[in-house]
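K.L.:
Could you look at this predicted model? Sequence included:
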Amino acid sequence: MKTIIALLFGTLFALAFTKTEPRNGWQQHNLQGPVKQLTESTFTQQDTVEPILVNTKTFNSKGYKTQEKQEYSGVFATNVILKYEGETVLKELITTTADLQPTSRALATKTDAQTITLNKIDWGEPLLFGIFKYNTVGDLINVSYKINLTDKSREFDLIQRYDYDTHHYQTAHEVDNFNTGTHESITYTNDDKGNPISESVKITPLSKPEKGKKEIPTQQWTSHYTYTFDSWGNWITRTTVSGTADVPVLKKRIIEYYK
C-alpha cells in the first residue's frame, strides 16, 4: 500500500490548474526539455550492476504523466495508468499490483478551484481515498489519505503538508502518520535547478504513548546528494550519502526526449 500511495501522490502532485498554466509532471520532477520517458534505477554502492528498484515514468507531449511502473529486484511490483480528458485533465487512475488483488480504479474530481478528490470505485459505491489541496499558483500544499477504507475510527490515516520557495521548489515536507503514530519533518536545501543537495529528516511521536506502552524514539539524520547532468540540464546520476547508512546509494537515469 505504501508503494501505491507514493505513486498516487506523485501523480496528483501536479494536477491543479491556475489562470496561467498547469503544474505538469515535468515541473513536478524539475525536468528540463520535452521528456517522453524517465527511467530511474537505484543501486547500492556494493552492487552497481543489478538495481534494487526501477521506476519508469511516461509523459505525454504536454508533460503530464500517463504511466508509472515499479520493479523491485527485477520483479514487477506496481503499474499505474492515468487517463485524461484531453491531455491535461485527469479523470481516472487504473492501478495493478503484483499481489492477488484485482486491478483497482479511482476517479479524480476537481471539487473546487484548489481541491481534487480521489474516490476508489472498486466496490460499487465510491469511497473517498484522498483529498489534494493546492495554493493559488498550483503547488500542492496538503494531502489527506484514507488508507484503510473500511476503518471508520478516523477520517484520515495520513496527512502531508508541503512548503515551497518562490521558484516552486519544495523546501519542506511534513507527514502525520496516524497508523504508526509518528510525525515526520523533512527540510531541503536545493541547487539552482531545484534538485536537493541536502535533506534533513526528523521523526518524532505524534503524541504521548498510552499507559503501559513504550514511547516511539526520536530519529534524526541528514542525507547529502551529488549529481552529474546531461546536455539538457537533467541529472543522470545521483549519489546519496546518508547519516543512517555507511554505504552510499546510487541512482541512474535513462531519459528519452520527444523529438
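P.N.:
Happy to help now that I have it. Numbering: from 1, shown residues only.
K.L.:
Can you report how many residues neighbour Arg154?
P.N.:
If you count neighbours by other CB atoms under 10 Å, Arg154 ends up with 10. Yep, even glycine has a C-beta here, placed from its N, CA and C like the rest.
K.L.:
So for it, what's the pLDDT?
P.N.:
Reported pLDDT at Arg154 in the predicted model: 81.
K.L.:
I'd say it and Phe178 touch.
P.N.:
Yes. Checked against CB atoms under 8 Å, the pair Arg154 and Phe178 is within contact range at 6.1 Å.
K.L.:
ok, and the helix or strand in this structure with the lowest average confidence?
P.N.:
When each helix and strand of the chain is scored by mean pLDDT, DSSP states H and E, helix 2-12 comes last, with a mean of 52.
K.L.:
After that one, which helix or strand is next?
P.N.:
helix 25-28 (DSSP states H and E).
K.L.:
List the buried residues of stretch 236-247.
P.N.:
238, 240, 242 (16 or more other CB atoms under 10 Å).
K.L.:
Figure out the length between the terminal residues of it.
P.N.:
20 Å (CA to CA, to the nearest Å).
K.L.:
List of residues touching it?
P.N.:
44-46, 195, 221-230, 248-255 (CB atoms under 8 Å, 6 or more residues apart in numbering).
K.L.:
at 10 Å instead, please
P.N.:
Contacts to stretch 236-247, defined as CB atoms under 10 Å, 6 or more residues apart in numbering, come from residues 40, 42, 44-47, 195-196, 199-201, 219-230, 248-255.
K.L.:
cool, and stretch 204-221?
P.N.:
176-178, 180-185, 199-203, 242-245.
K.L.:
Mind doing that once more with 8 Å?
P.N.:
With CB under 8 Å, 6+ apart as the test, stretch 204-221 has contacts from 176-178, 180-183, 185, 200-203, 242-244.
K.L.:
Now which of the residues you listed would you call buried?
P.N.:
Buried members of the contacts of stretch 204-221, counted by 16+ other CB under 10 Å: 176-178, 182-183, 201, 203, 242.
K.L.:
give me the low-pLDDT residue ranges for the stretch 1-150 of the chain?
P.N.:
Scanning the stretch 1-150 of the chain with the threshold set as pLDDT under 70 gives 1-22, 100-102, 122-126.
K.L.:
How much space separates Leu38 from Gln28?
P.N.:
Distance, Leu38 to Gln28, using CB to CB, to the nearest Å: 11 Å.
K.L.:
Then Glu85?
P.N.:
20 Å.
K.L.:
between these two, who's got more neighbours?
P.N.:
Gln28 (22 against 9).
K.L.:
Would you quantify the distance from the more buried one to Asp139?
P.N.:
10 Å.
K.L.:
who does the nearest residue to Thr109 once chain neighbours are set aside bridge with?
P.N.:
Nearest non-adjacent residue to Thr109, counting by CB to CB, 6 or more residues apart in numbering: Thr117, 5.2 Å away. Per DSSP bridges, the residues bridged to Thr117 are Thr109, Ile131.
K.L.:
which ones are touching Thr117?
P.N.:
108-109, 111, 128, 130-132.
K.L.:
Most neighbours of all the residues you listed, which one?
P.N.:
Phe132 (26 neighbours).
K.L.:
these two touch, right, that one and Leu140?
P.N.:
Yes. Counting by CB under 8 Å, Phe132 does reach Leu140; the two are 6.2 Å apart.
K.L.:
what's Glu174 in contact with, if anything?
P.N.:
160-162, 183-186.
K.L.:
pLDDT score assigned to it?
P.N.:
The score at Glu174 is 97. That number is its pLDDT.
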